[in-house]
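In: Sequence and predicted structure are below.
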Amino acid sequence: MKNKRQVIYARPASLIRRPMHYCEGCGHSLVHKLMAEVMDELRIRQKTIGVAPVGCAVFAYYYLKCDISEAPHGRTPAVATGIKRTRPESIVFSYQGDGDLAAIGMAETIHTANRGENITVIFMNNTVYGMTGGQMAPTTLPGQQTPTCPSGREPQTMGAPIRVCELLNTLERPYHIERVALDSVQGILRTKKALTTAFRAQMEGKGYSFVEILSPCPTYFRLSPRESMLYVKNTLSRRFPPRIFRKEGVVLNA
Amino acid sequence: MQKKKKNSNERVLITGNEALAEAAMRAGCRFYAGYPITPQNELTAYMAKNMPKRGGTFIQAESELAAINMVLGASAAGARAMTSSSSPGISLKQEGISYMAGCQLPAVIANIQRGGPGLGSIDPSQGDYFQAVKGGGHGDYRIIVLAPMSVQEMHDLTIEAFLLADRYRVPVMILADGRLGQMMEPISLHRGAPPPVPAKTWALTGADGRKPNCIRSLLVNEGELEKHNYKLQKCYGAISRREQRHELALARDCDLLVAAWGTCARIAKGAVLKARARGLKAGLFRPVTLWPFPSAPLASALRRARAALVVEMNCGQMLEDVRIASGGNAKIFFSGYPGGRVPSETDILKAICRTAAEIRRR
Amino acid sequence: MPARYQIRVIRNFCKGCELCVGICPRKAIVLSVKVNKSGVHFPEPNGNPCIGCGQCAVICPEAAIEIFMVSDAKKEKKQ
């Protein structure tokens, strides 16, 4: 009897074959997997150059099989700009968390988008600073408890959560701005679609693409991986509505 | 850039800032990112105008931080890249410089010094010697520091800077000041090909037909960072052995060695000649590389002279390195001009005479 | 010969998040009594027919699940 085995889904080739250090149920692992799939499908691994952040994903270079650079905290898009302007034929991405993108790196985030650099910026929004112990981020929700707002975030003294997609949507130059959520299988598939759109836009030289991904952090949500995804769906998505904000250079209203 | 007459020698009348920028492009620099700050704006403007014409990239970055990090990225991707700023802006760049040193990324950074600390003034000063030579950023690293004293050297040392940066994979700093940056002198422009670029197999060019490259300075596994530091130190040792540069004038038969760098050395040269004319046996020691500091030639000159007068536009920074080099074999005196004051030849001559008298008294 | 689907779990990459177990529409995955190198109970097929929907592979954060279509109903390969 012949035993024909056909692969329906295999681990993507662009994902290095080793266990990832992220916590169980972490959004980073999921998105690394999706990015590897996209690099495989678009056949761009050999010309992709990534910039990893300071944060839990500082070790992205252990997992993604492409050229990668470190960057000082928050300067990721500036480093990406230097790389892209030097090697315009490369596909360059800047992969960042809350602190890197929306706190210390906010100026770089805004100005890289404003210049419309032909790169892809991936924003992993999990409302906390994971690597350093779950501290308050620019995206932490009011009332959310963290080591630096132990009584819960008070907007009057600590500011309110920042909606980065909406902020960048006021700029003229970005080409694609989208928020997606890792809250279900559909959410994961939509995230992959958003990443594909973004990388395709870069391949076609269309301009700056930005994908904000609402991401579970079971450790600091203090929920199970499954409950964390539900939290992303029911709570985070209410504050940060997932949708396409800018498509093909055109602002889309809610 | 004003040209008196275009001739085969390519002699031009040009400011120090522009001479530096022109040299960078002639050295093969094709990426510049910078931010406006006095007194180096002529450099940024020159790059804005000329880089695109040479097929390079000019970016006015959103901040000094962004600029050094764009240079980091461009260098990581294999380009000859540079940025420039002045004292407070260089403070902002220190993190980026430390990262570049840790990642062994070549680049050139020009500091056209102004008065400090803090916002200080826009007048020239030499207050950043410590920052440039003793670290500036965090961690055990060194950068090569070159100190021009004329517009010609602003040009020539910049060509050297790119060569050295690529040869050793280190950041190189041109430590100048607002006077050098803005004065105009006739110079000869670099002719011929840029210094050859070594093969950069480590650069981020896309993992096509090779294993992916990674540019990083984070080494958390046991022993890794220690090993990396020894590797960096070995490189710095090689630079120390091979790349020290200095100038000695009238130092053989000399009772008082004037030690100065940059603009101060230029002014001190005139003062030393005037002192000689008065019968005082003064000489001049000028380090061209502030790091690696030419300690050995200074030490032998001090053993002969037995006394030194350090002249700087600060409160005493190279002074400490001169003391170390002397090893107690010479009396060290100091004449400092901090806060944006540029000494005149007469000021330095008076200091030489005062010091000579003091030596006789002792 | 009816087509059958099989999952294959890379045991040592599993962190025991149980997202795959929860998402399977046919309850065809359960946590094994065995543990992997990290002491984690990894998922394995329990014999209920897998329909090859792929959701477990999509939701697995570690890319530890692979899916195959097998045309021979008799042979079963374990990881």
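Out: That came in fine, so what should we check first? Residues are numbered from 1 along each chain as shown, chains lettered A, B, ... in the order given.
In: Now do the SS call for the residue of chain C at minimum distance from chain B.
Out: When scored by CB to the nearest CB, chain C has C:Ala63 as its residue closest to chain B, at 17.8 Å. No exception for glycine: its C-beta is placed from N, CA and C like everyone else's. What DSSP: H, G, I helix; E, B strand; the rest coil gives for C:Ala63 is coil.
In: For the stretch 101-250 of chain A, give me the ranges with low pLDDT.
Out: Within the stretch 101-250 of chain A, no stretch has pLDDT under 70.
In: Quick check: residues of it near chain B?
Out: Within the stretch 101-250 of chain A, the positions adjacent to chain B are A:Ala107, A:Glu108, A:Ile110, A:His111, A:Arg115 by CB under 8 Å from any CB of the partner chain.
In: So the host helix or strand of B:Lys234, near chain A or not?
Out: Taking DSSP states H and E as the definition, one finds B:Lys234 inside helix B:224-242. No: Helix B:224-242 is not in contact with chain A by CB under 8 Å from any CB; minimum separation 13.3 Å.
In: Against which helices or strands is that helix packed?
Out: helix B:87-103, helix B:151-168 (3 or more CB pairs under 8 Å, 6 or more residues apart in numbering or on different chains; DSSP states H and E).
In: Identify the residues contacting the residue of chain C closest to chain B.
Out: A:Arg11, A:Pro12, A:Leu15, A:Ser29, A:Lys33, A:Ala36, C:Ile10, C:Phe13, C:Ala57 (CB atoms under 8 Å, 6 or more residues apart in numbering or on different chains).
In: Look at the fourth one and tell me its secondary structure.
Out: When you say that, I think you mean A:Ser29. A:Ser29, by the three-state scheme (three-state DSSP), is helix.
In: what does B:Pro195 give?
Out: Classification of B:Pro195 using three-state DSSP returns coil.
In: Quick one: neighbours of B:Arg191, just the number.
Out: A count of neighbours around B:Arg191, defined by other CB atoms under 10 Å in any protein chain shown, yields 9.
In: Roughly how far does the residue lying closest to it once chain neighbours are set aside sit from A:Gln6?
Out: Closest residue to B:Arg191 apart from its sequence neighbours, by CB to CB, 6 or more residues apart in numbering or on different chains: B:Glu10 at 6.2 Å. B:Glu10 is 69 Å from A:Gln6, where distance means CB to CB, to the nearest Å.
In: go on, A:Ala71?
Out: As judged by CB to CB, A:Ala71 and A:Gln6 stand 42 Å apart.
In: Between these two, which is the more surrounded one?
Out: A count of neighbours by other CB under 10 Å puts A:Ala71 above the other of A:Ala71 and A:Gln6, at 31 against 11.
In: Secondary structure element holding the more buried one?
Out: If you go by DSSP H and E, A:Ala71 is not part of any helix or strand.
In: hmm, back to that, next, the contact list for the residue nearest to B:Arg191, please.
Out: B:Ser188, B:Leu189, B:Arg191.
In: which one among the residues you listed gets closest to B:Gly118?
Out: Nearest to B:Gly118 among these is B:Leu189, at 37.0 Å by CB to CB.
In: What pLDDT is listed against the spatially closest residue to the closest one that is not a sequence neighbour?
Out: The shortest distance from B:Leu189 to any non-neighbouring residue, by CB to CB, 6+ apart, is to B:Glu10 (4.2 Å). pLDDT for B:Glu10: 87.
In: again with the one 4 residues further on
Out: As predicted, B:Ile14 sits at a pLDDT of 97.
In: Now it: phi and psi?
Out: Note on B:Ile14: backbone dihedrals following degrees, to the nearest 10 are phi -150, psi 150.
In: Now do the strands in chain C.
Out: Per DSSP state E, chain C carries strands over the ranges C:4-9, C:29-35, C:41-45, C:65-70.
In: quick one: average pLDDT of the second one?
Out: Mean pLDDT, computed over strand C:29-35, is 96.
In: so does it get close to chain A?
Out: No: Strand C:29-35 is not in contact with chain A by CB under 8 Å from any CB; minimum separation 12.9 Å.
In: Need the contact partners of that strand.
Out: Applying CB under 8 Å, 6+ apart, the set of residues contacting strand C:29-35 is C:Ile7, C:Gly16, C:Glu18, C:Cys20, C:Val21, C:His41, C:Phe42, C:Pro43, C:Glu44, C:Pro45, C:Asn46, C:Cys56.
In: Chain A versus the fourth one, what's the distance?
Out: Translated: C:Cys20. Distance, C:Cys20 to chain A, by CB to the nearest CB, to the nearest Å: 10 Å.
In: correct me, but that residue touches C:Val58?
Out: No: C:Cys20 lies out of contact with C:Val58 (CB atoms under 8 Å); the separation is 9.4 Å.
In: Need the residues touching each of the two.
Out: By CB under 8 Å, 6+ apart, no residue touches both C:Cys20 and C:Val58.
In: about what we covered before: compile the strands of chain C into CSV and extend it with columns for mean neighbour count and distance to A:Leu236.
Out: Shown next, in CSV, are these (neighbours: other CB atoms under 10 Å in any protein chain shown; distance: least, CB to CB, whole Å):
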stretch, mean neighbour count, distance to A:Leu236
strand C:4-9, 20, 29
strand C:29-35, 15, 27
strand C:41-45, 21, 27
strand C:65-70, 20, 26
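In: Out of the ones you listed, flag the one nearest B:Thr15.
Out: B:Thr15 lies closest to strand C:65-70 among the strands of chain C, at 65.2 Å (CB to CB).
In: Which elements pack onto that closest one?
Out: With 3+ CB pairs under 8 Å, 6+ apart as the test, strand C:65-70 has strand A:5-9, strand C:4-9, helix C:55-59 packed against it.
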